[in-house]
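Peer 1: predicted coordinates and the sequence they were generated for:
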Number of protein chains: 2
Amino acid sequence: MQLIEKRACFGGWQYVYKHYARTLGCEMNIGIYLPPLVEKQKLPVLYWLSGLTCTEQNFITKAGAQRYAAEHNVILVAPDTSPRGEGVADADSYDLGQGAGFYLNATQEPWRANYKMYDYILHELPLLIEGHFPATAQKSVFGHSMGGLGALVLALRNPEVYRSVSAFAPILSPSRAEWGQKAFSAYLGADQHSWRDYDPTELVLAGGKVENILIDQGLDDEFYRQQLCTENFAQACKRMALNPKIRYHENYDHSYYFVASFIGEHIGFHADKLYAGK
Amino acid sequence: MQLIEKRACFGGWQYVYKHYARTLGCEMNIGIYLPPLVEKQKLPVLYWLSGLTCTEQNFITKAGAQRYAAEHNVILVAPDTSPRGEGVADADSYDLGQGAGFYLNATQEPWRANYKMYDYILHELPLLIEGHFPATAQKSVFGHSMGGLGALVLALRNPEVYRSVSAFAPILSPSRAEWGQKAFSAYLGADQHSWRDYDPTELVLAGGKVENILIDQGLDDEFYRQQLCTENFAQACKRMALNPKIRYHENYDHSYYFVASFIGEHIGFHADKLYAGK
């Protein structure tokens, strides 16, 4: 773990570390916020997954999340959105390749050597965090857009791992929309059966169950109608008797101004679940 | 006024507008946050002045200020840090020319045609804001680093205009430090008498009086000892029986992580003064 940045922030510390990720076969940056209470005790961890084109920097500089993490005593971990580097496959496109890992395990060439973000987030990253920082094993996951998709897929497939999941403007039915179809075709191949493991709507229809889901969607989001398919997911949940809290917000778009406006409520939501029964 | 960005944020709107600034002879971007209460009444204005290399974007994306402006019912205005554009003089340096206007009126070639940020912030910008938005004439000013210098100079020279002034890690004795000496030599010339009008410590020693001053300084700020000269200003204030509130914070550096950590207290401080007697 190589220290890249260390910044005092709301009484705690915002770090950026670089480490060699075995799962991905490359070096990865991670943003980690430790609230003041880690001086006294181990704290639960809330994993943030960012959207297309982001690195670990977008969330830690723009979301204003540290204030609420300090208030609610949760560690925030914000990894990068894909493997990176010269030896890592890439595409000349913002929505495929580096910066667009889609939090899945790729099976197709040239991606399958490095693009294993699902395993990285689920297995390697928590071991690293719990091994190096005063973190308990309690964890929740949230994210934005492609990262909201990743958060829901991880939680729906591993309900015993995550106490709660939330998302801002998540891609909810990727098999039905352009971003998802392009990424899944490249990373997973033409056989759409393999896509179901990474599609929140399909996972719900297949019986995936998570109790604590919060989703916020802006109604002036430029990607809402074409790419996110919020209603597909809502209908699947209704059919399967799942009750996610889905809130629609007039005027809000897809940007970090939207994320910042509601990040406090999301962190409060997760803290309730992470500290439940204590 | 040409609309560049419009983003819902904490129940209000974050705008970026472009306009032709007559004082500067060029087009300028301005970030303007209107809190929800402007739907019902005019509100006072808090002007933010950014530091070296910044545009209007740094503050509006990184400070997390909108939440507090919405809570305290103040409009936030964040202009760019210098005149800009192809016809505007520049230097091959981050601390002189475009992005480094120092909030002064330049008298020297090649700067004096456009570099009139003091007049722009004091006269043209408030007329523009009060003419186009539901703003009252009550105003306060704050800023970061070079912008903290600008805020203090504006308030010390115009105590009847600004209800209060605050600063994060301001350049407090620019005539004594490298950034200030380089800029003042270029913009104002070798005669150091002319520098006194833009040096907060000299303005205090010359009898400048402002009642409501709040200054925050991080003790791990990489520019604290060499460039900011906080103690020079504190001693001048003591000698002249001025009582600014100067707070030193362990661990904090010069970044927006520092600004974000205390921006809520600054906006609360200004709101108290802007709403005093109402």
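Peer 2: Yes, it's here. Just so it is clear, the model here is predicted, and its values are computed rather than measured. Numbering: from 1, shown residues only, chains lettered A, B, ... in the order given.
Peer 1: from here on, just use CA atoms for contacts and neighbour counts.
Peer 2: Noted.
Peer 1: run through who's touching stretch A:136-147.
Peer 2: Contacts to stretch A:136-147, defined as Cα atoms under 8 Å, 6 or more residues apart in numbering or on different chains, come from residues A:42-52, A:102-103, A:130, A:148-152, A:155, A:161-171, A:228, A:259, A:270, A:274.
Peer 1: return the subset of those lying in strands.
Peer 2: A:43-49, A:165-168 (DSSP state E).
Peer 1: which residues of chain A lie near chain B?
Peer 2: Listed as neighbours of chain B in chain A under the rule Cα under 8 Å from any Cα of the partner chain: A:7-11, A:61-64, A:67, A:251-253, A:257-258, A:260-262.
Peer 1: circling back: mind giving me the ChimeraX select for the contacts of stretch A:136-147, buried ones only?
Peer 2: Buried residues among the contacts of stretch A:136-147 (16 or more other Cα atoms under 10 Å in any protein chain shown), as a ChimeraX selection:
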select /A:42,43,44,45,46,47,48,49,50,51,52,102,103,148,149,150,151,152,155,161,162,163,164,165,166,167,168,169,170,171,228,259,270,274
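Peer 1: let me see the ranges of the strands in the stretch 151-278 of chain A.
Peer 2: Secondary structure of the stretch 151-278 of chain A by DSSP state E, counting those that start in this stretch: the strands cover A:165-168, A:213-218, A:245-249.
Peer 1: in JSON lines: these, plus mean pLDDT.
Peer 2: Below are the strands of the stretch 151-278 of chain A laid out as JSON lines (pLDDT from 0 to 100):
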{"stretch": "strand A:165-168", "mean pLDDT": "98"}
{"stretch": "strand A:213-218", "mean pLDDT": "98"}
{"stretch": "strand A:245-249", "mean pLDDT": "97"}
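Peer 1: make TSV from the ones you listed and add distance to A:G180 to it.
Peer 2: TSV is the format used below for these (distance: least, Cα to Cα, whole Å):
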stretch	distance to A:G180
strand A:165-168	17
strand A:213-218	18
strand A:245-249	21
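Peer 1: out of those strands, which one sits most buried?
Peer 2: Most buried of the strands of the stretch 151-278 of chain A by mean neighbour count (mean count of other Cα atoms under 10 Å in any protein chain shown) is strand A:165-168; its value is a mean of 30.
Peer 1: and for the closest residue to A:A183 other than its chain neighbours, the neighbour number?
Peer 2: Distances taken as Cα to Cα, 6 or more residues apart in numbering or on different chains place A:L96 nearest to A:A183, at 6.1 Å, with adjacent residues excluded. Per other Cα atoms under 10 Å in any protein chain shown, the neighbour tally for A:L96 reads 23.
Peer 1: how much space separates A:L96 from chain B?
Peer 2: The spacing between A:L96 and chain B, counted by Cα to the nearest Cα, to the nearest Å, is 26 Å.
Peer 1: any idea how far A:G12 is from the residue located most distally from the centre of chain A?
Peer 2: Within chain A, A:K40 marks the point farthest from the mean C-alpha position, 27.9 Å out by Cα atoms, centre = their mean. Using Cα to Cα, to the nearest Å, we find A:K40 at a distance of 12 Å from A:G12.
Peer 1: what residues are up against the residue nearest to A:G85 when sequence neighbours are not counted?
Peer 2: Computed as Cα to Cα, 6+ apart, the closest residue to A:G85 that is not its neighbour in sequence is A:C26, at 7.0 Å. When contacts are counted by Cα under 8 Å, 6+ apart, A:C26 touches A:20, A:83-85, A:88, A:114.
Peer 1: not counting its neighbours along the chain, what's nearest A:S82?
Peer 2: In space, A:S82 is closest to A:G101, 4.4 Å off (Cα to Cα, 6+ apart).
Peer 1: tell me the phi and psi of that neighbour?
Peer 2: Main-chain dihedrals, A:G101, degrees, to the nearest 10: phi -80, psi -20.
Peer 1: was I right about it contacting A:P83?
Peer 2: Yes - using Cα atoms under 8 Å, A:G101 is in contact with A:P83, at 7.3 Å.
Peer 1: can you check which residues contact both of those two?
Peer 2: Contacts common to A:G101 and A:P83, judged by Cα under 8 Å, 6+ apart, are A:115, A:117.
Peer 1: higher neighbour count, those two?
Peer 2: Neighbour count, other Cα under 10 Å: between A:G101 and A:P83, A:G101 has more, with 30 against 27.
Peer 1: from B:M240, how far off is that one?
Peer 2: Applying Cα to Cα to A:G101 and B:M240 gives a distance of 61 Å.
Peer 1: A:S185 now?
Peer 2: Taken as Cα to Cα, the span from A:S185 to B:M240 is 72 Å.
Peer 1: can you pull out the helices in the stretch 1-150 of chain A?
Peer 2: If you assign secondary structure with DSSP state H, counting those that start in this stretch, the helices in the stretch 1-150 of chain A sit at A:56-62, A:66-72, A:117-119, A:125-132, A:146-157.
Peer 1: to B:L3, which of these lies closest?
Peer 2: helix A:56-62 (22.0 Å; Cα to Cα).
Peer 1: against which helices or strands is that closest one packed?
Peer 2: The contact analysis (3 or more Cα pairs under 8 Å, 6 or more residues apart in numbering or on different chains; DSSP states H and E) places helix A:56-62 against strand A:26-34, strand A:75-79, helix B:56-62.
Peer 1: run the last query once more with 6 Å
Peer 2: Applying 3 or more Cα pairs under 6 Å, 6 or more residues apart in numbering or on different chains; DSSP states H and E, we find helix A:56-62 packed against helix B:56-62.
Peer 1: for chain B, see how far away the closest residue to A:D95 other than its chain neighbours is.
Peer 2: Nearest non-adjacent residue to A:D95, counting by Cα to Cα, 6+ apart: A:L52, 6.3 Å away. Using Cα to the nearest Cα, one obtains 18 Å as the distance from A:L52 to chain B.
Peer 1: next: A:G25.
Peer 2: 32 Å.
Peer 1: low-confidence ranges, chain A, go.
Peer 2: Within chain A, the segments meeting pLDDT under 70 span A:278.
Peer 1: next, the angle strand A:43-49 makes with the longest helix seen in it.
Peer 2: Using DSSP state H, we find that the single longest helix of chain A is helix A:256-274. If you take axes from the mean of the first three to the mean of the last three Cα atoms, to 10 degrees, helix A:256-274 sits at 150 degrees to strand A:43-49.
Peer 1: helix A:256-274 versus strand A:75-79: what angle between them?
Peer 2: Going by the same axes, to 10 degrees, helix A:256-274 makes 130 degrees with strand A:75-79.
Peer 1: helices or strands up against helix A:256-274?
Peer 2: Counting by 3+ Cα pairs under 6 Å, 6+ apart, helix A:256-274 packs on no helix or strand.
Peer 1: pull the CA atoms of it into CSV?
Peer 2: The C-alpha trace of helix A:256-274 is given here as CSV (Å, rounded to 0.1, in the frame of the first residue of the first chain):
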residue,chain,number,x,y,z
TYR,A,256,-22.5,15.1,-8.8
TYR,A,257,-24.7,18.1,-7.8
PHE,A,258,-27.5,15.5,-7.6
VAL,A,259,-25.3,13.1,-5.7
ALA,A,260,-24.1,15.8,-3.3
SER,A,261,-27.7,16.9,-2.6
PHE,A,262,-28.8,13.4,-1.3
ILE,A,263,-25.5,11.8,-0.2
GLY,A,264,-26.2,12.6,3.5
GLU,A,265,-29.5,10.7,3.4
HIS,A,266,-27.8,7.7,1.8
ILE,A,267,-25.0,7.6,4.4
GLY,A,268,-27.6,7.9,7.1
PHE,A,269,-29.6,5.1,5.6
HIS,A,270,-26.6,2.8,5.5
ALA,A,271,-25.4,3.8,9.0
ASP,A,272,-28.8,2.7,10.4
LYS,A,273,-28.4,-0.7,8.9
LEU,A,274,-24.6,-1.0,9.7
